[in-house]
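A.B. asks: Quick one, what's the 3D model for this:
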Amino acid sequence: MSILADVARLAGVSKSTASRALSGRGYVSDETRLRVEEAASELGYVVSSAAASLVTGRTRNVAVVIPYINRWYFAEVLEGIEASLIRGGYDLTLYRLSTDLDLRRRVFDYFLVRKRVDAVISVAIDLSPHEVHLLQALGKPLVGIGGRIEGIPTLSIDDVETARVATEHLLSLGHRRILHIGGDQNEQMDFRVHSQRYTGFTRALRAAGVEAEGAFRSAEFSIEGGYQVGLSVLGDPRRRPTAIFAGCDEIGIGITIAARQLGIAVPQELSIIGIDGHPVAEMLGITTLAQRPGRQGERAVELLLSQLEHADAAPPNEHEVLPTELAVRTSTAAQR
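C.D. replies: Have a look, this model is predicted:
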């Protein structure tokens, strides 16, 4: 195997510069780094991660704790995180947290405190003060996605405002019999996403002088959940709304399928709007508030790498509200 000196010679730099470029330790210009990486690739030189860890004190590995990996939003966030970490020269270790409190305790009290990761990204998990303190005491930078967590930088969309905008879109089209099909209010996700979106919905209705009482049905946050509740709600013409605000695009997709199965024309007889920006929702023409979860993952990595590069600075404690964008498609139309 070629030695580091050969890489440096081929790249036209000193051995110490080649070492910095390949290890990520210390400043090297992007042009020089690229030249060194190309030389290393040509010679088949691979940096020993174990040796680099001994020198730098870093594993170049970031832990991601996440509640789901088989749901679209979380998969998109994870893809954004992974791509950004790879570009930054970091590996990823994934921990899926279930509702099992003992498992969660073991992950935070044992696995994450071992010196196998340099930092942690929490996705849609409201870290407790103990968990934050535990990791910060070990010098592990943290970033959270999904809501505010005291003591660490976090980012999220504004769920209340996003739901309000979605509902106001339906109101602006003349709809007054509007139903919100969203997550179960008694089975909240962390950061109370379900109740925040319900709050935004009711605020918009009340501001427009529309009765909000009884304008909600709970559903599982999935296509199947939207489909099942959609069949139930839309199957009775006497209580059928003219418009539905779905708590997420997947619910909206399920409702759209149910409507088609029942012979209900969208948007002529029923308008549907969701939240997310799911690609299947785009295929079906569902109007949505797009939140770009992949970009959320990328932004979290940016915040994390900044902490790693400025390890001596006090950890930031800021919450960044990310924008959503109304994408009007063919599933919403004026009330006839």
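A.B. asks: so where do the helices sit in this protein?
C.D. replies: When assigned using DSSP state H, the helices of the chain occupy the ranges 4-11, 15-23, 30-43, 49-56, 72-87, 101-106, 129-137, 159-172, 193-207, 223-234, 249-261, 279-283, 293-309.
A.B. asks: How about the second one, which residues are buried there?
C.D. replies: It refers to helix 15-23. Of the residues in helix 15-23, those buried by neighbour count under the rule 16 or more other CB atoms under 10 Å are 17-23. Quick note: C-beta positions are derived from backbone N, CA and C, even for glycine.
A.B. asks: just to revisit the earlier point, select, out of the helices of the chain, the one closest to L270.
C.D. replies: helix 249-261 (5.6 Å; CB to CB).
A.B. asks: contacting residues around the residue nearest to I255 when sequence neighbours are not counted?
C.D. replies: What sits nearest to I255 in space, not counting adjacent residues and going by CB to CB, 6 or more residues apart in numbering, is G230, at 3.9 Å. In this structure, G230 makes contact with 181, 254-259, judged by CB atoms under 8 Å, 6 or more residues apart in numbering.
A.B. asks: confidence score at V47?
C.D. replies: The predicted local distance difference test score for V47 is 61.
A.B. asks: got TSV for the helices of the chain, with distance to R114 too?
C.D. replies: Formatted as TSV, the entries for the helices of the chain read as follows, by distance: least, CB to CB, whole Å:
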stretch	distance to R114
helix 4-11	29
helix 15-23	22
helix 30-43	30
helix 49-56	13
helix 72-87	19
helix 101-106	12
helix 129-137	12
helix 159-172	35
helix 193-207	31
helix 223-234	38
helix 249-261	36
helix 279-283	38
helix 293-309	18
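A.B. asks: which one of those helices is the most hemmed in?
C.D. replies: When the helices of the chain are scored by mean count of other CB atoms under 10 Å, the highest mean neighbour count falls to helix 249-261 (a mean of 24).
A.B. asks: now for that helix, which elements pack on it?
C.D. replies: strand 178-182, helix 223-234, strand 243-246, strand 271-276, helix 279-283 (3 or more CB pairs under 8 Å, 6 or more residues apart in numbering; DSSP states H and E).
A.B. asks: got a list of contacts for stretch 146-159?
C.D. replies: Under CB under 8 Å, 6+ apart, the answer for stretch 146-159 is 122-127, 129, 132-133, 136, 142-145, 190-191, 193, 196-197, 200, 291, 296, 299-300, 303, 307, 315-324.
A.B. asks: Adding pLDDT and distance to T93, write the contacts of G230 out as TSV.
C.D. replies: As requested, the contacts of G230 are arranged in TSV below (pLDDT from 0 to 100; distance: CB to CB, whole Å):
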residue	pLDDT	distance to T93
I181	98	37
G254	98	34
I255	98	37
T256	98	38
I257	98	37
A258	98	40
A259	98	43
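A.B. asks: Among those residues, which one sits closest to D118?
C.D. replies: Where the contacts of G230 are concerned, and distances follow CB to CB, D118 has its nearest neighbour in G254, at 40.4 Å.
A.B. asks: so the closest one sits right up against Y227, yeah?
C.D. replies: Yes - G254 is in contact with Y227 according to CB atoms under 8 Å; the separation is 3.5 Å.
A.B. asks: Quickly list the domain ranges of this structure.
C.D. replies: For the chain, the domain assignment from automatic domain parsing gives the residue ranges 4-56, 61-157+293-321, 159-290.
A.B. asks: Can you give me the pLDDT of the closest residue to I81 other than its chain neighbours?
C.D. replies: Closest residue to I81 in three dimensions, ignoring its sequence neighbours and counting by CB to CB, 6+ apart: G297, at 3.9 Å. If you check G297, the pLDDT there is 97.
A.B. asks: quick one: G297 and F74 touch, right?
C.D. replies: No - contact between G297 and F74 fails when scored by CB under 8 Å: they sit 9.7 Å apart.
A.B. asks: Need the overlap of contacts for those two.
C.D. replies: Counting by CB under 8 Å, 6+ apart, the contacts common to G297 and F74 are V123.
A.B. asks: Who are the contact partners of A281?
C.D. replies: Residues in contact with A281, defined by CB under 8 Å, 6+ apart, are 249, 252-253, 274, 288.
A.B. asks: could you dump those to JSON lines with pLDDT?
C.D. replies: Rendered in JSON lines, the data for those read as follows (pLDDT from 0 to 100):
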{"residue": "D249", "pLDDT": "98"}
{"residue": "G252", "pLDDT": "98"}
{"residue": "I253", "pLDDT": "98"}
{"residue": "G274", "pLDDT": "98"}
{"residue": "T288", "pLDDT": "98"}
